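>>> 3D model of this:
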Amino acid sequence: MPQTHRGAAPSGRRRRPFTLLLLAGLIGLGLGLDSAAADGRARLETFLKGLTSLQSSFEQTTFNADRTRVTQGRGTLYLQRPGRFRWEYDAPNKQVIIADGKRVYLHDLDLDQVSHQSEEKALRGTPALLLANDAPIERDFNTRPIESTDGRDWVELTPKAKDTDIVRIELGFGSTGLESMIMEDSFGQETRLNFGQTKRNPILDLSLFKLDEKAGGDFLSFD
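Now for the predicted structure:
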């Protein structure tokens with residue numbers, strides 16, 4: 001898997017706010033930045049342009065504020081724009097996060113528990129909002145190109161909303177498209193995702209974006 005351009009950091013999982021579990025205005029002057037750094041914003045726009053669906057494997061690592069590793073995971077991401085996605089964690093803890101266009105459901109198979117919230121509230125300021133929504137980037141995020149140290153094109157995004165749990169997002173683009181994502185939350189924890197085996201605009205079964213009616217256990221609403 002590709003490596004990120006900085007040091008390391010994924011987050012605690014059981015009793016944190018719902019939006020922290022999800023698995024996301026233009027500065028745009030470009031003055032004083034070399035062309036490689038300025039490419040991050042352009043790569044993001046190119047990546048999102050014409051994107052209707054996506055399938056990718058991922059590896060995730062979360063670190064505490066002191067950059068001590070907390071958790072690791074891996075799984076598969078399915079995306080159907082607008083408004084639908086599925087993050088399926090295979091290991092070490094089996095979880096499924098589903099957005100059906102109206103609500104976001106977190107099904108923790110280990111806890112036998114389903115938490116759910118409106119998409120508008122759950123996705124505010126998160127990378128999932130950027131990937132799943134087809135609205136202009138500048139509606140929800142400020143952007144700033146980052147000078148690259150690993151040969152890839154990086155861009156930083158900060159949510160415009162003031163009440164978000166995610167305070168900073170960095171996206172790294174390489175030869176295969178979006179390869180890495182870094183998120184920092186309001187607790188100073190950092191989550192890193194590396195993507196691979198990505199398929200752009202595949203035909204996906206829409207049943208992927210519906211909560212299994214057989215899902216048992218407790219249902220907890222965070223609205």
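
>>> is it true that residue 61 touches residue 69?
Yes - in terms of C-beta atoms under 8 Å, residue 61 counts as a neighbour of residue 69; the distance is 6.4 Å. C-beta: built from backbone N, CA, C; applies to glycine.

>>> More neighbours: the two, which one.
residue 61 (20 against 12; other C-beta atoms under 10 Å).

>>> now that one, which residues is it bridged with?
With DSSP bridges as the criterion, residue 61 is bridged to residue 72, residue 192.

>>> helix, strand or coil for residue 47?
helix (DSSP: H, G, I helix; E, B strand; the rest coil).

>>> Based on its surroundings, how many neighbours for it?
The number of residues near residue 47, taken as other C-beta under 10 Å, comes to 16.

>>> thinking it is in contact with residue 178, fair?
Yes - counting by C-beta under 8 Å, residue 47 does reach residue 178; the two are 5.7 Å apart.

>>> what touches both of these two?
Counting by C-beta atoms under 8 Å, 6 or more residues apart in numbering, residue 47 and residue 178 have no shared contacts at all.

>>> Okay, now the unreliable bits of the chain?
Along the chain, the parts satisfying pLDDT under 70 run over 1-38, 213-223.

>>> Going along the chain, name the strands of it.
53-63, 69-80, 84-91, 95-100, 103-108, 113-118, 141-146, 153-159, 166-174, 177-185, 190-200, 218-221 (DSSP state E).

>>> Distance to residue 129 for those - can I get that in a markdown table?
Below are the strands of the chain laid out as a markdown table (distance: least, C-beta to C-beta, whole Å):
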| stretch | distance to residue 129 |
| --- | --- |
| strand 53-63 | 15 |
| strand 69-80 | 12 |
| strand 84-91 | 10 |
| strand 95-100 | 10 |
| strand 103-108 | 11 |
| strand 113-118 | 13 |
| strand 141-146 | 8 |
| strand 153-159 | 8 |
| strand 166-174 | 9 |
| strand 177-185 | 12 |
| strand 190-200 | 15 |
| strand 218-221 | 20 |
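
>>> who wins for proximity to residue 210 among these?
strand 95-100 (5.9 Å; C-beta to C-beta).

>>> same for that closest one, what does it pack against?
strand 84-91, strand 103-108 (3 or more C-beta pairs under 8 Å, 6 or more residues apart in numbering; DSSP states H and E).

>>> If you compare the directions of the longest one and strand 95-100, what angle comes out?
So that's strand 84-91. Interaxial angle of strand 84-91 relative to strand 95-100 (axes from the mean of the first three to the mean of the last three C-alpha atoms, to 10 degrees): 180 degrees.

>>> name the helices or strands packed onto strand 84-91?
For strand 84-91, the packing partners by 3+ C-beta pairs under 8 Å, 6+ apart are strand 69-80, strand 95-100, helix 127-132.
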